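> everything below, folded, please.
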Amino acid sequence: MGIAAGSSPDGRAARSPNRRGEGTRLRADILAAATDLLDHGDERAVTLRAVARRAGIATPSIYPHFPDRSAIVLAVVRAAFGELSGRLGAAVDAAGDDPRQRLYAVCHAYLDFAAAHPERYRAMSGDIRSPSVANGVAIANDPACPGAGALRILAGILADCVAAGYSTSTDPFADAVALWLGLHGFAHQRAVTRTFPWPADLVRRFVSPLSHIGPVGPRTSAEPLDQSR
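Prediction:
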């Protein structure tokens, strides 16, 4: 990402300078630094000074790429949602032709992502709308939902279930929203109550009624879920 080993006299990581036209590399380095801070701390750890230090640059070097801290956090969240959508798409491709299996595979992939990146997911699902972030320029100018891609994947698969006669949903989009909220609720609750004995088939218990589909049968390899996380 352009961040070299060593450190500068003021404690910043040593970084090779960009050549002309490589400003996009600096932007990527800033995002990588912010993501690393978020993953190893929490949303409050992502300050302009901390990001600059981690990226090996002076704090003013951030401003040509991001107007404020909120813009950096939003960019990290957008990238995380893009990664999540990629994971969901890969789960769809690996699950086979049965749309019910694809739906369950996507649900488990969503939960797996949330478990693997808890602080990033926390920012994706709530902290970004906190007052400290919501007052930023980027949020004010971006009313669109960053997670729309993931929601579209869920809604599309649920519509496939309806078309195949497996779901009795009369509004796949609205039911996909309900399912999305169910996944988020479980992801959040599992993160804060780690010792609770979650039933092994809990995902099926809420996915089936929310998606209006019947049982699919034994869990397949396309539907991994480690209940110990």
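> check the offset of the host helix or strand of Asp39 from the chain's centre.
With elements delineated by DSSP states H and E, Asp39 resides in helix 23-40, which encompasses its position. Taking the mean of its C-alpha atoms, helix 23-40 sits 16 Å from the chain's own mean (C-alpha atoms, centre = their mean, to the nearest Å).
> again, but for stretch 55-64
25 Å.
> ends of it, how far apart?
From the first residue to the last, stretch 55-64 extends over 15 Å; the measure is C-alpha to C-alpha, to the nearest Å.
> may I have the helix holding Asp39 exported as CSV, CA atoms only?
What follows is helix 23-40 as a C-alpha-only set of coordinates in CSV (Å, rounded to 0.1, in the frame of the first residue of the first chain):
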residue,chain,number,x,y,z
GLY,A,23,-2.4,10.6,-5.5
THR,A,24,-4.8,7.7,-5.7
ARG,A,25,-2.1,5.6,-3.9
LEU,A,26,-2.1,8.1,-1.0
ARG,A,27,-5.9,7.9,-0.8
ALA,A,28,-5.7,4.1,-0.6
ASP,A,29,-3.0,4.3,2.1
ILE,A,30,-5.2,6.6,4.1
LEU,A,31,-8.2,4.2,3.9
ALA,A,32,-6.0,1.3,4.7
ALA,A,33,-4.7,3.1,7.8
ALA,A,34,-8.2,4.0,8.9
THR,A,35,-9.5,0.5,8.4
ASP,A,36,-6.6,-0.9,10.4
LEU,A,37,-7.3,1.5,13.2
LEU,A,38,-10.9,0.6,13.2
ASP,A,39,-10.3,-3.2,13.1
HIS,A,40,-7.9,-3.0,16.0
